[in-house]
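**Student:** Build me a structure from this.
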Amino acid sequence: MAGNIMILGTASGTGKSLLAAGLCRILKQDGYRVAPFKSQNMALNSFITPDGLEMGRAQAMQAWAAGIEPSVLMNPILLKPQSDTGSQVIVNGRVWGVMSAREYFACKQTLVPQVLEAYATLKKNCDVIVLEGAGSPAEINLNRQDMVNMGLAAMVDAPVLLAGDIDRGGVFASLYGTLMLLEREHRNRVKGLIINKFRGDVEILRPGLSQLEELTRVPVMGVVPMLAVDIEEEDSLGLREQGSAGSVLDLAVIRLPRISNFTDFHPLEQVEGVGVRYVDSARKLGSPDLILLPGTKSTMADLIWLRQNGLEAALKKAAAAGTPLMGIGGGYQMLGQGLSDPQGIEGGGQIAGMGLLPVEAVFHEQKARTRVTGKILEPQGFFAGLRGTGVEGYEIQTGTITPGEGAA
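**Tutor:** Next comes the predicted model:
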């Protein structure tokens, strides 16, 4: 029987993913066979496994920390929001359907056997499983059908460490309040508390730690300092508007309302002299050296948003003036002559594209998920220095691109 331990947080953004990755690395260094597990993840950034299956990027990062290859067993359910009330539901790496929040809540218990099967399969080859929760375990309106936080901990009999983020303030209240909202059997499963993202002198913190332990009867097992690690964000709330001061190159990424896989731009942020900023209005566009139109979970809706707020006109003007404009995924589809949705994948209908490329996009139910390799042949202008460069990456696409009028 494999051992296990679960990291929960008082809220989203408390650092659960990094703490879980740290545990994976420490356990690996101590000689254990370890793997990460998150039963349900909600993110528009996803990773494609070598066998063409889709999973959360956080679990891929944790797998690398554990010294193993990512597998969809580590994240059997991935929710990719398509609107404020609905998501594409991916089960074991494949699209299961598109549902409203109410529809998913009504049927998600039918997925519990698949979650437990994935966990059991993963456990066969591991000494320890490091589980990560989602959001907060104190969402009392959702606890009845929980299968990602305390509900999952109970199913697999995992001890829990509860982390709070001191950097955002109110960490004592958030830890105490979270514990008090848990049912007694779940509260008893919490074996330790973690204060995460601490800055300053820990001696000043100690009186508060002692009082917290007295109030909760749960030990504080660690105070983790704020770490200067630059890992990929899962949530677009982490994206910054300003690039690096004094950058030689200014790259503007259009911050679409439903931007997806913006982790594509993370490597650019690591290059010295390159400033990457995320732009959501024509006023903020300025005069960048390169404009990147990213992927999106709702291409047609986000293209309409570009038109309504004036960014489409600004992008066309910049392209006409010679500024390189690169589209990725849905952003590439927007640059074409038209987008058509005969099967209602994005609500149906058709709209004109931006008309900058002689291609047309047609959406359909089949989703491309694959790893690809290639070579840059004859790039021009800004990209001329990339001639002959080999590239590798992934493709996640719902729809096909066909030559439009005027294509060579």
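
**Student:** Now do the helix or strand hosting residue 252: distance to the chain's middle.
**Tutor:** For residue 252, the host element (DSSP states H and E) is strand 249-254. On the basis of Cα atoms, centre = their mean, to the nearest Å, strand 249-254 sits 21 Å off its chain's mean C-alpha point.

**Student:** after that strand comes which helix or strand?
**Tutor:** For strand 249-254, the succeeding helix or strand toward the C-terminus, using DSSP H and E, is strand 259-260.

**Student:** Contacts made by that next one with the rest, please.
**Tutor:** Contacts with strand 259-260, where a contact means Cβ atoms under 8 Å, 6 or more residues apart in numbering, come from 44-46, 80, 236, 239, 294-297, 329-330. (C-beta placed from N, C-alpha, C; glycine too.)

**Student:** neighbours of the residue lying closest to residue 250 once chain neighbours are set aside, just the number please.
**Tutor:** When the adjacent residues along the chain are set aside, residue 250 lies closest to residue 288, with 4.6 Å between them (Cβ to Cβ, 6 or more residues apart in numbering). Per other Cβ atoms under 10 Å, the neighbour tally for residue 288 reads 21.

**Student:** any chance you could read off phi and psi for residue 288?
**Tutor:** phi -70, psi 160 (degrees, to the nearest 10).

**Student:** ok, which stretches of the stretch 151-300 of the chain are strands?
**Tutor:** 160-165, 190-198, 220-225, 249-254, 259-260, 274-279, 290-293, 295-296 (DSSP state E, counting those that start in this stretch).

**Student:** closest one to residue 214 among the ones you listed?
**Tutor:** strand 220-225 (11.0 Å; Cβ to Cβ).

**Student:** quick revisit: pLDDT wise, what is the residue nearest to residue 250 at?
**Tutor:** What the model reports as pLDDT for residue 288 is 94.

**Student:** how far away is it from residue 120?
**Tutor:** Distance, residue 288 to residue 120, using Cβ to Cβ, to the nearest Å: 50 Å.

**Student:** Next: residue 47.
**Tutor:** For residue 47, the distance to residue 120 - Cβ to Cβ - is 22 Å.

**Student:** Of those two, which one has the most company?
**Tutor:** Set side by side, residue 47 and residue 120 show more neighbours around residue 47, with 24 against 12, by other Cβ under 10 Å.

**Student:** Quick check: bridge partners of that one?
**Tutor:** Bridge pairing for residue 47 (DSSP bridges) gives the partners residue 55.

**Student:** List the contacts of it.
**Tutor:** Here residue 47 is in contact with 54-57, 59-60, 70, 394 (Cβ under 8 Å, 6+ apart).

**Student:** Can you show me the strands along the stretch 301-408 of the chain?
**Tutor:** Along the stretch 301-408 of the chain, the segments classed as strands by DSSP E, counting those that start in this stretch run 325-327, 338-341, 349-352, 359-375, 390-403.

**Student:** Redo those as CSV? Include mean neighbour count.
**Tutor:** Shown next, in CSV, are the strands of the stretch 301-408 of the chain (neighbours: other Cβ atoms under 10 Å):
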stretch, mean neighbour count
strand 325-327, 19
strand 338-341, 18
strand 349-352, 13
strand 359-375, 15
strand 390-403, 15
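
**Student:** Residue 102 is nearest to which of these?
**Tutor:** In terms of Cβ to Cβ, the element of these nearest to residue 102 is strand 359-375, at 22.3 Å.

**Student:** Confirm that residue 78 sits in a strand.
**Tutor:** Yes - the assignment for residue 78 by DSSP: H, G, I helix; E, B strand; the rest coil puts it in a strand.

**Student:** ranges for the helices of the stretch 101-250 of the chain?
**Tutor:** In the stretch 101-250 of the chain, the helices defined using DSSP state H, counting those that start in this stretch lie at 101-107, 112-123, 150-156, 171-181, 184-187, 202-216.

**Student:** average pLDDT for the shortest one?
**Tutor:** Taken as a whole, helix 184-187 has a mean pLDDT of 94.

**Student:** chain center to it: distance?
**Tutor:** 30 Å.

**Student:** Can I get it in PDB? Just the C-alpha atoms.
**Tutor:** Coordinates of each C-alpha in helix 184-187 appear next as PDB, following Å, rounded to 0.1, in the frame of the first residue of the first chain:
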ATOM      1  CA  ARG A 184     -15.300  17.300  12.800                       C
ATOM      2  CA  GLU A 185     -14.200  14.100  11.000                       C
ATOM      3  CA  HIS A 186     -12.500  16.300   8.300                       C
ATOM      4  CA  ARG A 187     -11.000  18.600  10.900                       C
END
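
**Student:** Can you list the buried residues in it?
**Tutor:** Using 16 or more other Cβ atoms under 10 Å as the test for burial, helix 184-187 gives 186-187.

**Student:** ditto for the third one
**Tutor:** Burial within helix 150-156, assessed by neighbour count using 16+ other Cβ under 10 Å, is assigned to 150-154, 156.

**Student:** closest to residue 316 among these?
**Tutor:** The closest of those to residue 316 turns out to be residue 152 (Cβ to Cβ; 48.6 Å).

**Student:** Read off the pLDDT value for that closest one.
**Tutor:** 97.

**Student:** Check what pLDDT the nearest residue to it once chain neighbours are set aside gets.
**Tutor:** Nearest residue to residue 152 in three dimensions, chain neighbours excluded: residue 39, at 5.3 Å (Cβ to Cβ, 6+ apart). pLDDT, residue 39: 97.

**Student:** That's all I had, so thanks and see you.
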